[in-house]
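A.B. asks: pasting the structure only:
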C-alpha cells in the first residue's frame, strides 16, 4: 500500500491519480515536518513556480525511470492515460527527492484540472472508479481553498517583480540615494609666501537619501537626509570651492537638508514649495548641462551663473508652459523664515523671474534664457563664489545689500556628442549699511563645452553615461563702485583671474561613476599678486 500523511489508498485502484500527485517528486512520502520548517508559504510557492518543467506523453521520455521500478505502471498510466506528468528539462523525473506539501498540492491540483477537463468522456478518459477517489482527495486536502491561496501568492510575486528598483518601502514610497567619495588636493603658492601650497591631500564624503512619495500620481513629496564632512580647500578667495560641499556641517551629522512638494495645476502649471539648506534657484533651470554636483562639474565657481545664488532657502516657485517653445519660471525664496523677527517677508530674500525659449520642440538641450533676480541680503551680497570683494562682505560680514541682477544663458546641441553653452551675469548692488553707502557692479561669464558619451544623447539632461566637460570663464568680479565702501573693500578688483576646468565622468555601470577633474585658477581672488592655483579632484559617485 502507498501511505500518504493525509490518505491511504491502494495502488491498483487509484495508482494513476495518486502518482500524479508527484509531478515533481512522486514516490516519496510527504514530509510534513520539513514543510513546517520552511521559511514561509510565499517563498515555497515562488520557488516551485519558478522551476522549469517539460510535459511528456510517454514514460520512456524519463531518463531515470526504469520498468523495474515499483511505480512504473502507475507512471505509465499517468503519462499515457491522463497526460499530467512533467519532467525536468534534463529529461529526469527525480522520483526519490522529498517534496513539500506545497509542491504536493500544486502537482495534485494540476492533475485534477486535467481530469476535470476531460470529465465529459468518463468511459474513455477517466475510469469511473477514479472519480470517488478524486472527490475524496479534493475534500481531504481542501484544494479549492489552496488554489485560491496559490493564485493570490502568484499575483503578489508578479507585483513584487514588477516593482521599480527604487520602490523599496511600499507601493507609495520610493527610496533613492547618492554617496560621494572624493580625494582633493590643491597645488601652488596662492600667497606667494615661498612656502608652496598649504593644502594636503584630503579624503571626504557626502551621503544623501531621498524619500519620494506621491498622493495624486503626478505630484511628488521629497524628504532628503544628508550627512557630509567635505571641507573646501583654502585660498585667498571663494574661487576654489567644491560643488559637492553642501551646508556648513563637516562632521557627518545627519540632518534634513531638503523638504519639498511639487505638484501640477492643470496641464501647463507646476508649483514647487520647498525648504532646507539645499534649496536654491537651481531647483529651476540654470541652463548649464554640466551643473550636477555629483555627476557633473566638481567645482562650484562656474557651476552656473552667480545670480542663481542670490536667493534664500525657503519659499515657492512656479513653472508655466506658455507654449511648446516658451516656459515662464517665477520663484521667491526667503532666509531665516523660522525666525519670528524676520519671517517670510521681513528678512533676506531673492525673487526670480525667467523666460526659457526652446527653438526646437523636440530638443530640450537647445535653449536660451533671460533671467532677472531681485534680492536683499543681510550678510553681504551672498553668492559666495569669486572674489571676496565681489561678495561685498570683507571684514564687515553684516553689511545689508540689495541688488538687481540680469543674466542671459544658453546651451546648443551641436551633435549627439557635443554641446556648446555659456552665460553672462551682471549684478548691480547697493550697500545699505556701513560708513559709506554706494553702488557696486559685479560681473561673471562662462563658456561650457559638453561631450556626452553613449547613453546621454537622447536624454533631457546629461546625468547618464560617460561625460566630458570643459568650463572656461570668469568667476564673479567687482568691476567698480560709486564710492569707497567701508570694511576694507577696494573700489574694484585689481586684476582679472580666469577659471579653467576640465573633467571626465567614466560611468562604470548604472550605479557607479568615477570623475577625475582639474581646475586652474589664474590670479586667484582676481589679484595677480596671488600665485596660480591648481586643484585636483577624483570623485567617485554611487547611486541607488
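C.D. replies: That came through fine. Note that the structure is a prediction, hence the values are computed from the model and not measured.
A.B. asks: Sticking with residue 177, tell me its helix or strand.
C.D. replies: strand 173-188 (DSSP states H and E).
A.B. asks: hey, where'd the helices end up in this structure?
C.D. replies: Ranges of helices within the chain are 11-20, 32-37, 41-49, 72-77, 101-117, 130-141, 143-162, based on DSSP state H.
A.B. asks: quick one: contacts for residue 90?
C.D. replies: Applying Cβ atoms under 8 Å, 6 or more residues apart in numbering, we find residue 90 in contact with residue 63. For every residue, glycine as well, the C-beta is placed using N, CA and C.
A.B. asks: what bits of this structure have low per-residue confidence?
C.D. replies: 1-55, 82, 115-150, 159-171, 189-198, 394-397, 434-436, 455, 457-460, 486-488 (pLDDT under 70).
A.B. asks: Just want the most central residue of it.
C.D. replies: residue 176 (4.8 Å; Cα atoms, centre = their mean).
A.B. asks: my guess is it contacts residue 294, does it?
C.D. replies: No: between residue 176 and residue 294 there is no contact under Cβ atoms under 8 Å: 11.9 Å.
A.B. asks: okay, and the common contacts of those two?
C.D. replies: Common contacts of residue 176 and residue 294 (Cβ under 8 Å, 6+ apart): residue 543.
A.B. asks: ok, back up a step: quick one: buried residues of the strand holding residue 177?
C.D. replies: For strand 173-188, the neighbour count (16 or more other Cβ atoms under 10 Å) marks 174, 176, 177, 178, 179, 180, 182, 184, 185, 186, 188 as buried.
A.B. asks: packing partners for it?
C.D. replies: Packing contacts for strand 173-188, counted by 3 or more Cβ pairs under 8 Å, 6 or more residues apart in numbering; DSSP states H and E, involve strand 202-213, strand 533-543.
A.B. asks: Give me the angle between that strand and strand 202-213.
C.D. replies: 160 degrees (axes from the mean of the first three to the mean of the last three Cα atoms, to 10 degrees).
A.B. asks: Quick check: bridge partners of the residue nearest to residue 479 when sequence neighbours are not counted?
C.D. replies: Leaving aside its sequence neighbours, residue 479 sits nearest to residue 441 (Cβ to Cβ, 6 or more residues apart in numbering; 4.9 Å). Assessed by DSSP bridges, residue 441 has beta-bridge partners residue 428, residue 480.
A.B. asks: residues contacting residue 441?
C.D. replies: 426, 427, 428, 429, 478, 479, 480, 481.
A.B. asks: got it, and residue 535?
C.D. replies: Under the criterion of Cβ under 8 Å, 6+ apart, the contact list for residue 535 reads 184, 185, 186, 187, 233, 240, 299, 518, 519, 521.
A.B. asks: what about the fifth one, how many neighbours?
C.D. replies: In this case it means residue 233. Neighbour count of residue 233, defined by other Cβ atoms under 10 Å: 21.
A.B. asks: pretty sure it contacts residue 245?
C.D. replies: No: with contact defined as Cβ under 8 Å, residue 233 does not count as touching residue 245 (10.2 Å).
A.B. asks: Could you tell me the angle between the strand holding residue 177 and strand 533-543?
C.D. replies: Relative orientation of strand 173-188 versus strand 533-543 (the same axes, to 10 degrees): 160 degrees.
A.B. asks: what's the offset of strand 173-188 from the middle of its chain?
C.D. replies: Centroid displacement of strand 173-188 relative to its chain, using Cα atoms, centre = their mean, to the nearest Å, is 14 Å.
A.B. asks: rewinding a little: mind checking how far the residue nearest to residue 479 is from residue 522?
C.D. replies: 22 Å (Cβ to Cβ, to the nearest Å).
A.B. asks: My guess is residue 424 contacts residue 405. True?
C.D. replies: No: counting by Cβ under 8 Å, residue 424 stays clear of residue 405, with 11.2 Å between them.
A.B. asks: Have a look at these two and say which one is more surrounded.
C.D. replies: Taking other Cβ under 10 Å, residue 424 and residue 405 do not tie; residue 405 has more neighbours (25 against 16).
A.B. asks: Show me what that one bridges to in the sheet.
C.D. replies: According to DSSP bridges, the residues that bridge with residue 405 are residue 373, residue 427.
A.B. asks: distance of it from residue 290?
C.D. replies: According to Cβ to Cβ, residue 405 and residue 290 sit 21 Å apart.
A.B. asks: what sits against residue 439?
C.D. replies: Residue 439 neighbours (Cβ under 8 Å, 6+ apart): 428, 429, 430, 431, 481, 482.
A.B. asks: so the last one makes contact with residue 431?
C.D. replies: Going back to what we said before, that points to residue 482. No: applying Cβ under 8 Å as the test, residue 482 and residue 431 come out as separate, 9.5 Å apart.
A.B. asks: List the residues that are in contact with both of those two.
C.D. replies: 438, 439, 440.
A.B. asks: Next one: the residue nearest to the first one when sequence neighbours are not counted relative to residue 417, how far apart?
C.D. replies: Think residue 438. Ranked by Cβ to Cβ, 6+ apart and with sequence neighbours excluded, the top spatial neighbour of residue 438 is residue 483, at 3.7 Å. Distance, residue 483 to residue 417, by Cβ to Cβ: 50 Å.
A.B. asks: ok, for residue 437, nearest residue in space, not its chain neighbours?
C.D. replies: residue 431 is the one closest to residue 437 (Cβ to Cβ, 6+ apart), at 5.3 Å.
A.B. asks: and the one you found, how far is that from residue 405?
C.D. replies: Distance from residue 431 to residue 405, by Cβ to Cβ: 15 Å.
A.B. asks: how far away is residue 290 from residue 491?
C.D. replies: To residue 491, residue 290 is 34 Å away according to Cβ to Cβ.
A.B. asks: of these two, who's got more company?
C.D. replies: The neighbour count for residue 290 versus residue 491, taken as other Cβ under 10 Å, is higher for residue 290 (27 against 16).
A.B. asks: Contacts only, for the more buried one.
C.D. replies: With Cβ under 8 Å, 6+ apart, residue 290 has these contacts: 296, 297, 303, 448, 450, 462, 467, 469, 471.
A.B. asks: Do I have it right that the last one meets residue 499?
C.D. replies: Yes: the criterion here is Cβ under 8 Å, and residue 471 meets it with residue 499 at 7.0 Å.
A.B. asks: Now do the shared contacts for the two.
C.D. replies: 299, 302, 446.
A.B. asks: ok, how many other residues are close to residue 376?
C.D. replies: The number of residues packed near residue 376 is 20, by other Cβ under 10 Å.
A.B. asks: Now do the closest residue to it other than its chain neighbours: how many residues are near it, please.
C.D. replies: Once flanking residues are discounted, residue 376 sits nearest to residue 402: 4.9 Å by Cβ to Cβ, 6+ apart. Per other Cβ under 10 Å, the neighbour tally for residue 402 reads 14.
A.B. asks: Residue 402 contacts residue 427, doesn't it?
C.D. replies: No: if you go by Cβ under 8 Å, residue 402 and residue 427 don't touch, sitting 10.7 Å apart.
A.B. asks: What residues does residue 283 make contact with?
C.D. replies: Taking Cβ under 8 Å, 6+ apart as the contact definition, residue 283 lies against 260, 272, 274, 317, 331.
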